[in-house]
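In: Quick one: sequence and predicted model below, then my questions.
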Amino acid sequence: MKIIGVETIQIEEFSNLVWVRIHTDEGVVGLGETFRNPEPVVAYIHETCAPFLLGKDPMDRTALSHALRHDVGNHFTGFATRSIEIRGNSAIDIALWDLWGKALGHSIATLMGGRMRDKIRLYNTCANSGYNNRVRAGYNTQIYSRSDPAPKNISRNEDLLMQVYEPARLARELLDEGITAMKIWPFDVYALRNHGHSIRTSELKEGLSVFEEIRNEVGDEMDILIEYHGLWQLAPAIEIARAAEEYGIYWHEDPIALDAFDDLATFKQSTNTRLAGSENLGTLPWYRECFGRGAVDVANFDMAWTGGLTEGQRVAHLALAHDRTIAPHDCTGPVTLLANLQLLAHMPNALMAETVRSHLDGFYGTVMTELPKVSNGYVEPLTGPGLGASLNEEALDRPDIIKRVTGKSAI
Ligand SMILES: [Mg+2]
């Protein structure tokens, strides 16, 4: 089998996403995805990656992914964070895995060695509908303040608004749907006021009132995960975490700058619950440093940002070696979720799947041929070949689609 074409697909309405399809001479097509700053990613994929990939055997996906990561001569290698190169490589890598599964007629989880489970517990990230999915900076990601007047008539799936203004209603809605874990970021608003240098007592109490309202509504039936987006210095991060833990917290995520390994370990030792990191820096070398220091308990890497399923599988095995769990990140696009679920179906140390109900109820379904079933707080990884789904015909026929192919399309 030979690669005959590398295609990027963008849809104006969801313009932060880039899908990649790899076409072969046997008609098998693999689908990948990455997210954010799409134009330079698309340019990188066509100018730099596609000429290398054309004519190669896609079944040699490890060799191809390794070259994309390390071959300086071909100008592939990016910095091991969220560089354009690593994101483009991630999308290609996921497409190669999907293609591999589709060519062999089995799901990725089956080909990895089979399933440990048919469903996995999910947590809901409390984001708004369409959160961040357009290029416009801050699209539907505004950080709201409890001290500002609450908007009227917040509708279902505007979970970012609800986590600030109506956290009890949000927790109740989720619990009524069977969802028993929710992720919120009630302290971001205070960090943005002074660059995370400190938090005032009044701010701390205002932030904590969110937990109080949730506990008053649903008792201990809801696990609460706090996202800090790496906004805090160490001292206030510890102060917040310790205060919040009085309400029972399931995890703290990215509390401080993620490149400060020793500070992460100090944070971890100063608190009583598990520490999750990181969708931003979570590559294999990053976890080597974190696990070695006992700094991270839950690996929530983003495969569309840190190297694809190849990197994700390696991180998952490294976590296994350190007796730690994985819960890969997805608040971005449907293909990332499908890739996460294949890994989670297979790995013994799968903890939870990150899902966003406003995405699953919303735009994910409008672009994919199939979505995983969600019920009673669990999500079922797809069982079809590769990732189990593709972009659907309606999406591919949209007037606001932009397709670019280097080489030839197989379909
Ligand atoms: Mg996060």
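Out: Happy to help now that I have it.
In: could you measure G365 against I214, distance?
Out: Taking C-beta to C-beta, to the nearest Å as the measure, G365 and I214 are separated by 28 Å. Just so you know, the C-beta spots here come from the backbone N, C-alpha and C atoms, and that holds for glycine as well.
In: Comparing these two, which shows the higher neighbour count?
Out: I214 (26 against 13; other C-beta atoms under 10 Å).
In: So that one, which state does it fall into?
Out: At I214 the chain is in helix, as set by DSSP: H, G, I helix; E, B strand; the rest coil.
In: Check whether V218 really touches R172, as I assumed.
Out: Yes. V218 lies in contact with R172 (C-beta atoms under 8 Å); the separation is 6.2 Å.
In: between the two, which one's more packed in?
Out: V218 (19 against 16).
In: Apart from its chain neighbours, what residue comes closest to N140?
Out: N128 (4.5 Å; C-beta to C-beta, 6 or more residues apart in numbering).
In: For that neighbour, give me its contacts.
Out: Counting by C-beta atoms under 8 Å, 6 or more residues apart in numbering, N128 makes contact with 140-141, 157-161, 358.
In: Please list the members of those residues that lie in helices.
Out: Of the positions in those, 159-161, 358 sit in helices, assigned by DSSP state H.
In: Out of the contacts of N128, flag the one nearest to K183.
Out: Nearest to K183 out of these is D159 (C-beta to C-beta; 9.8 Å).
In: Quick check: closest non-adjacent residue to that closest one.
Out: C126 (3.9 Å).
In: which residues sit in contact with that neighbour?
Out: C126 makes contact with 159-160, 162-163, 170, 182-184, according to C-beta under 8 Å, 6+ apart.
In: Those into TSV, with extra columns for neighbour count, distance to D297 and pLDDT?
Out: Output for the contacts of C126, formatted as TSV (neighbours: other C-beta atoms under 10 Å; distance: C-beta to C-beta, whole Å; pLDDT from 0 to 100):
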residue	neighbour count	distance to D297	pLDDT
D159	26	25	96
L160	25	26	95
M162	23	28	97
Q163	23	23	97
L170	29	26	98
M182	25	19	98
K183	24	15	98
I184	26	19	98
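In: in the stretch 1-150 of the chain, which spans are helices?
Out: 38-44, 50-53, 61-70, 84-104, 108-112 (DSSP state H, counting those that start in this stretch).
In: avg pLDDT for the first one?
Out: Think helix 38-44. Averaged across helix 38-44, pLDDT comes to 97.
In: Also the last one?
Out: Averaging pLDDT along helix 108-112 gives 98.
In: by contact count, what packs against it?
Out: Using 3 or more C-beta pairs under 8 Å, 6 or more residues apart in numbering; DSSP states H and E as the contact test, the elements touching helix 108-112 are helix 84-104, helix 334-346.
In: Tabulate those (a markdown table), appending mean neighbour count and mean pLDDT.
Out: Shown next, in a markdown table, are these (neighbours: other C-beta atoms under 10 Å; pLDDT from 0 to 100):
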| stretch | mean neighbour count | mean pLDDT |
| --- | --- | --- |
| helix 84-104 | 27 | 97 |
| helix 334-346 | 27 | 98 |
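In: can you redo those as JSON lines with distance to T369?
Out: Putting the helices and strands packed on helix 108-112 into JSON lines (distance: least, C-beta to C-beta, whole Å) gives the following:
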{"stretch": "helix 84-104", "distance to T369": "12"}
{"stretch": "helix 334-346", "distance to T369": "10"}
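In: Nearest to W305 among the ones you listed would be which one?
Out: helix 84-104 (5.8 Å).
In: Check which helices and strands that closest one is in contact with.
Out: Contact here means 3+ C-beta pairs under 8 Å, 6+ apart; on that basis helix 84-104 packs against strand 17-24, strand 29-35, helix 38-44, helix 61-70, helix 108-112, helix 303-306, helix 308-321, helix 334-346.
In: Quickly run through the sheet partners of the first one, with directions.
Out: Strand pairing for strand 17-24, using DSSP bridges, gives strand 3-11 (antiparallel), strand 29-35 (antiparallel).
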